[in-house]
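Novice: Build me a model from this:
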Amino acid sequence: MDTLQTMRAFVSVAETGSFTGAAQQLNTTTAYVSRAVASLETHLRARLLNRTTRRIALTEAGQRYLLRCEQILAYIDEAEAEAGDAHARPAGKLKMHSMTGIGQHYVIRAIAAYRQLYPAVTVELTMANRMPDLLDEGYDVAVVVATELPDSGLVSQRIGKTYSILCASPDYLARCGQPKALAELAEHDCLRLLSPVIALDKWVFDGPFGQEMITLGNSPFQVNVGDGMTEAIRCGMGIGVLPVYSAVDGLCDGSLVRVLPHYRLQRLNVYALYPSRQYLDAKIKTWVEFLRDSLPASLEADEAIVGAGP
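Specialist: I've put the predicted structure just below:
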């Protein structure tokens, strides 16, 4: 027995005062309505309606049950309306994950602009340099940086692209000299940025001679956050790899110098990940569209400041 359908049939009979009227209201047959009410009474082991040839009247139990049914069906109709509206109107909490560097430099700023358009959306942002498990951790969407994505069954959209560059402080270069070729990096203190998307012991470059790779020796320092690496380089600890967005402020204020400016590390893609295309919630859809429209311009503006390289 479909309890909700039988409840709707019973409420309709009570409202219209007849099985025929209920059948017309529900766009079904009188026989179906009669069977539905009879099934409901059998299930409840209580008579809900007193029937005569001329009229139908609610019993005392029927009156109490009608009140509950009306409340329950109203809640269900409201819930269905809210769920359906979620596909049309952005509202509610958007639980989001972002890798730290791109989150600090772009995503938070984008969230502020997005909420100017959709103030009914609230955002819970977690930042960490890892690939999140969206389903197990309950995220609606993630912003990740990677050369490519593993096959995960998630929906992905590429919303931008970026790369990393070599930087050092003016003080370090004054002490140790400016390298003129990749091979000379072996003579310098090379700082390691721990990253889920860049190999720890290898730097792969795109440059004037195509793709080249160097293997790093012992490093005096390693850190897992781009802004931490920026500070270590500013302090003169050595030469390090920085994403463009982590390097741009230091290059502008002179606290950083780009090393080997004709080289850059392999280009990385920025992806938005979310669990499913079907019945996509409006807040996820509009957020991904907003990032896709706004992020490339921000990335390109910073690339123009540091120099596009090869």
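Novice: I'd guessed residue 76 sits against residue 7; true?
Specialist: No: counting by C-beta atoms under 8 Å, residue 76 stays clear of residue 7, with 9.5 Å between them. Quick note: C-beta positions are derived from backbone N, CA and C, even for glycine.
Novice: who's more crowded, the two?
Specialist: residue 7 (21 against 13; other C-beta atoms under 10 Å).
Novice: quick one: what helix or strand has the more buried one in it?
Specialist: Assigned by DSSP states H and E, residue 7 belongs to helix 3-16.
Novice: Please enumerate residues in contact with that helix?
Specialist: Contacts with helix 3-16, where a contact means C-beta atoms under 8 Å, 6 or more residues apart in numbering, come from 19, 21-22, 24-26, 32-33, 36-37, 39-40, 43, 48-49, 56, 58, 62, 65-66, 69-70, 72-73, 76.
Novice: Take these and keep only those in strands.
Specialist: Taking DSSP state E, the ones among the contacts of helix 3-16 that sit in strands are 49, 56, 58.
Novice: Wasn't residue 211 part of a helix?
Specialist: No: with DSSP: H, G, I helix; E, B strand; the rest coil as the criterion, residue 211 is strand rather than part of a helix.
Novice: Tell me the predicted confidence for it.
Specialist: Looking at residue 211, its pLDDT stands at 90.
Novice: Roughly how far does it sit from residue 205?
Specialist: Per C-beta to C-beta, to the nearest Å, residue 211 is found 7 Å from residue 205.
Novice: which neighbours do those two share?
Specialist: Contacts common to residue 211 and residue 205, judged by C-beta under 8 Å, 6+ apart, are residue 266.
Novice: Neighbour count for the two, which is higher?
Specialist: Comparing residue 211 with residue 205 by other C-beta under 10 Å, the one with more neighbours is residue 205, at 23 against 9.
Novice: Give me the distance between the more buried one and residue 177.
Specialist: 20 Å.
Novice: and if you look at residue 258?
Specialist: Counting by C-beta to C-beta - residue 258 and residue 177 are separated by 15 Å.
Novice: So the two - more neighbours on which side?
Specialist: In this view residue 258 and residue 177 are compared by other C-beta under 10 Å, and residue 258 has more residues nearby, 19 against 11.
Novice: Verify the stated contact: the more buried one with residue 247.
Specialist: Yes: Residue 258 is in contact with residue 247 according to C-beta under 8 Å; the separation is 7.4 Å.
Novice: residues shared between the contacts of those two?
Specialist: 165, 167, 306.
Novice: Least confident of the residues you listed?
Specialist: residue 306 (83).
Novice: show me where the stretch 201-310 of the chain has helices.
Specialist: 226-234, 244-253, 282-306 (DSSP state H, counting those that start in this stretch).
Novice: between those helices, which one is nearest to residue 113?
Specialist: helix 282-306 (7.0 Å; C-beta to C-beta).
Novice: can you tell which of the helices of the stretch 201-310 of the chain is closest to residue 116?
Specialist: Ranking the helices of the stretch 201-310 of the chain by proximity to residue 116 (C-beta to C-beta) places helix 282-306 first, at 10.5 Å.
Novice: what helices or strands is the closest one leaning on?
Specialist: When contacts are defined as 3 or more C-beta pairs under 8 Å, 6 or more residues apart in numbering; DSSP states H and E, helix 282-306 packs onto strand 92-98, helix 108-117, strand 141-146, strand 155-162, helix 244-253, strand 268-274.
Novice: Let me have those in CSV, extended by mean pLDDT and mean neighbour count.
Specialist: Formatted as CSV, the helices and strands packed on helix 282-306 follow (pLDDT from 0 to 100; neighbours: other C-beta atoms under 10 Å):
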stretch, mean pLDDT, mean neighbour count
strand 92-98, 93, 20
helix 108-117, 96, 14
strand 141-146, 92, 22
strand 155-162, 90, 18
helix 244-253, 91, 20
strand 268-274, 91, 21
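Novice: looking at it, residue 172 is touching residue 232, isn't it?
Specialist: No: contact criterion C-beta under 8 Å: residue 172 and residue 232 do not qualify, at 10.5 Å.
Novice: Excluding sequence neighbours, find me the nearest residue to the one residue sitting closest to the centre of the chain.
Specialist: Nearest residue to the geometric centre of the chain (C-alpha atoms, centre = their mean): residue 141, 1.4 Å. Once flanking residues are discounted, residue 141 sits nearest to residue 274: 4.6 Å by C-beta to C-beta, 6 or more residues apart in numbering.
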